[in-house]
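[1] dropping the sequence and predicted coords here.
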Amino acid sequence: MSARGNLVVGQSGGPTAVVNASLVAVIQEALRHEAIGEIYGMRFGALGLLQEDLVDLRRVSREILEDLRRTPSAALGTSRVDLGDDDVEQIMRTLQAREIRYFLYIGGNGSAATALRLHRLAADVRYDLRAIAIPKTIDNDLVEIDHCPGHPSVARWLGVSVREAGLDTEAIGTADPVKVVETMGRHTGWVAASTALARQREGEAPHLIYLPERPFATQQFLADVERVHRERGHVLIAAAEGLVDARGQFLAASQRSVEADPLGRPQFGGVGAVLCDLVMTHLKLKARFDKPGTMQRVSSILVSSVDAEEAYRVGQAAVREAVAGGGGTMITLVRDPGPAYRSTTGTVPLDRVVGNVRRVPEAFIAPSGHDVTSAYLDYIRPLVGPLPRYAKLQ
């Protein structure tokens with residue numbers, strides 16, 4: 001059942017290559033529904049509602065929307081804020097004062113948690129609010145969804161970039177024999193796993209892939225690097241920034257508050273340097289590392305066409321779900337059975353999503369612990385599409 005009212009949409013967490021496609025879908029779909037009055041955009045996520053910093057999205061031209069659909073990063077601005085109960089109540093007062101009945105939030109677990117809090121508070125105060133979470137995260141760690149919009153594009157970027165880094169390392173292996181590529185991934189290895197897409201032929205880079213799902217063992221790591229170097233004369237290693245040791249301690253994380261993010265989480269980074277130091281100290285091999293950092297998540301040049309299309313569809317589905325009377329849910333992507341890749345959208349209650357993290361399953365991790373399986377490649381390849389082929393002299 002539709003309710004006459006205004007709509008607000010925001011973007012939260014890390015930007016991606018396709019998050020604006022979801023935003024454009026929300027705007028374009030909202031314009032089709034008479035039940036929706038004003039269409040507001042929150043500037044910098046929930047901060048936009050706290051500070052009443054809103055954008056009139058009805059005034060955005062059709063031409064800008066079409067260009068924005070293909071533009072990376074987050075056009076409204078984004079943030080990571082730890083909302084207190086007073087903040088949530090203030091946001092609710094703003095929603096009521098502006099007669100906003102439709103609250104759509106594009107983001108990951110934190111965004112879903114905010115949508116759930118507002119959904120519950122609206123029920124408590126008997127305010128008809130349709131709070132919907134639109135999934136977005138390169139980490140691919142939301143539960144109850146086949147994959148998260150944003151992830152296929154970072155996987156494609158890394159597939160191409162690591163393929164090229166592997167060619168570079170192979171060519172100059174006599175001088176720089178070991179290269180470490182440090183990927184994003186705070187608690188899960190989905191991003192690091194995607195570097196396996198780089199392999200065009202058996203035995204090509206990356207030769208070793210390390211995920212947070214398996215404890216990092218220094219001696220085994222050194223033995224693996226030494227073996228690959230002995231066999232091939234060069235080694236390319238892909239490692240997630242959130243690697244942990246057998247005690248569960250992060251290999252590289254700053255615990256100083258000045259280097260924590262707004263949610264109090266330590267800023268990760270430095271795994272590449274740690275691994276290079278181990279190689280140079282114990283194996284006496286020259287080692288270098290590449291840390292793409294945030295650029296890996298916002299490449300429009302290497303965007304996955306599947307990702308861009310699905311990001312748009314989840315935005316559309318969110319508006320339709322809200323107008324139809326839904327609320328307290330997250331839009332999902334469901335992979336259809338069969339050899340050809342297809343997906344449909346669905347919904348899941350937010351309380352089944354919030355607070356849960358989907359880690360890379362055992363079926364996707366090779367028994368060695370430093371590679372992925374063919375089952376993983378079957379999962380990721382349809383989402384990424386074909387990568388450019390490079391020739392090699394025999």
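    Thanks, I have the structure now.
[2] shaky segments in the protein?
    Within the chain, the segments meeting pLDDT under 70 span 1-2, 253-269.
[3] try it again with 50
    Scanning the chain for pLDDT under 50 picks out the ranges 254-258, 265.
[4] the most centrally placed residue in it sits in which helix or strand?
    The centre of the chain sits closest to I138, judged by CA atoms, centre = their mean, with a distance of 1.3 Å. Here I138 sits in a region with no helix or strand, counting by DSSP states H and E.
[5] thought it was touching G14?
    Yes - taking contacts as CB atoms under 8 Å, I138 lies within contact range of G14: 6.5 Å. In short, each C-beta sits where N, CA and C put it, glycine included.
[6] mutual contacts of these two, please.
    Shared contacts of I138 and G14, defined by CB atoms under 8 Å, 6 or more residues apart in numbering, are found at R297.
[7] related to what we said a few turns ago, any idea how far A205 is from the residue nearest to the centre of the chain?
    21 Å (CB to CB, to the nearest Å).
[8] relative to A131, how far out is the closest residue to E89 other than its chain neighbours?
    Setting aside the residues directly before and after it, E89 is nearest to L121 in space (CB to CB, 6 or more residues apart in numbering), at 7.1 Å. Counting by CB to CB, the gap from L121 to A131 is 9 Å.
[9] same question, L76
    As judged by CB to CB, L76 and A131 stand 18 Å apart.
[10] if you count surrounding residues, which of those two has more?
    In this view L76 and A131 are compared by other CB atoms under 10 Å, and A131 has more residues nearby, 27 against 21.
[11] got phi/psi on the more buried one?
    Note on A131: its backbone torsions stand at phi -100, psi 120 [degrees, to the nearest 10].
[12] that one: what's it in contact with?
    F103, Y105, A115, L116, L118, H119, A122, G327, G328, L350.
[13] the last one contacts I134, correct?
    No - at 11.8 Å, L350 does not count as touching I134 under the criterion of CB under 8 Å.
[14] shared neighbours of those two, which are they?
    When CB under 8 Å, 6+ apart defines a contact, the residues bordering L350 and I134 alike are M330.
[15] higher neighbour count, those two?
    More crowded of L350 and I134, by other CB under 10 Å: I134, with 30 against 23.
[16] how many neighbours does the residue lying closest to that one once chain neighbours are set aside have?
    Closest residue in space to I134, ignoring its immediate chain neighbours: I106 at 4.3 Å, by CB to CB, 6+ apart. Look at I106: counted by other CB under 10 Å, it has 33 neighbours.
[17] hang on, I106 in a strand?
    Yes - I106: assigned to a strand according to DSSP: H, G, I helix; E, B strand; the rest coil.
[18] my guess is it contacts A25, does it?
    No - judged on CB under 8 Å, I106 makes no contact with A25 at a distance of 9.9 Å.
[19] what's the domain layout of this structure?
    5-149+301-352, 152-296+358-384 (automatic domain parsing).
[20] would a markdown table of those domains with distance to L393 be doable?
    As requested, the domains of the chain are exported to a markdown table (distance: least, CB to CB, whole Å):
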| stretch | distance to L393 |
| --- | --- |
| domain 5-149+301-352 | 26 |
| domain 152-296+358-384 | 11 |
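[21] hey, where'd the strands end up in this protein?
    Counting by DSSP state E, the chain has these strands, from start to end: 5-11, 36-42, 54-56, 100-107, 130-135, 178-183, 208-210, 235-240, 287-290, 329-335, 343-349.
[22] now the fifth one - C-alpha only, CSV.
    Pointing back at strand 130-135 there. Taking C-alpha atoms only, strand 130-135 is exported to CSV below (Å, rounded to 0.1, in the frame of the first residue of the first chain):
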residue,chain,number,x,y,z
ARG,A,130,9.4,2.8,4.8
ALA,A,131,13.1,2.2,5.6
ILE,A,132,14.9,0.2,2.9
ALA,A,133,18.6,-0.6,2.7
ILE,A,134,20.2,-0.8,-0.8
PRO,A,135,23.3,-3.0,-0.7
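[23] how much does that strand deviate in direction from strand 343-349?
    For strand 130-135 against strand 343-349, the angle by axes from the mean of the first three to the mean of the last three CA atoms, to 10 degrees is 130 degrees.
[24] parallel or antiparallel, list what pairs with strand 130-135.
    Here strand 130-135 has these sheet partners by DSSP bridges: strand 100-107 (parallel), strand 329-335 (parallel).
[25] which one of the ones you listed lies closest to T195?
    Distance to T195, taken as CB to CB, is lowest for strand 329-335 among the strands paired with strand 130-135, at 22.1 Å.
[26] ok, residues contacting that closest one?
    Contacts with strand 329-335, where a contact means CB under 8 Å, 6+ apart, come from 112, 115, 132-135, 142, 144-147, 149, 310, 314, 317-318, 321, 341-350, 353.
[27] ok, and for it, which residues are buried?
    Within strand 329-335, the residues that count as buried by 16 or more other CB atoms under 10 Å are T329, M330, I331, T332, L333.
[28] report the beta-bridge partners for the nearest residue to the first one once chain neighbours are set aside.
    Leaving out its chain neighbours, the residue that sits closest to T329 by CB to CB, 6+ apart is T347, at 4.3 Å. Applying DSSP bridges to T347 yields these beta-bridge partners: I331.
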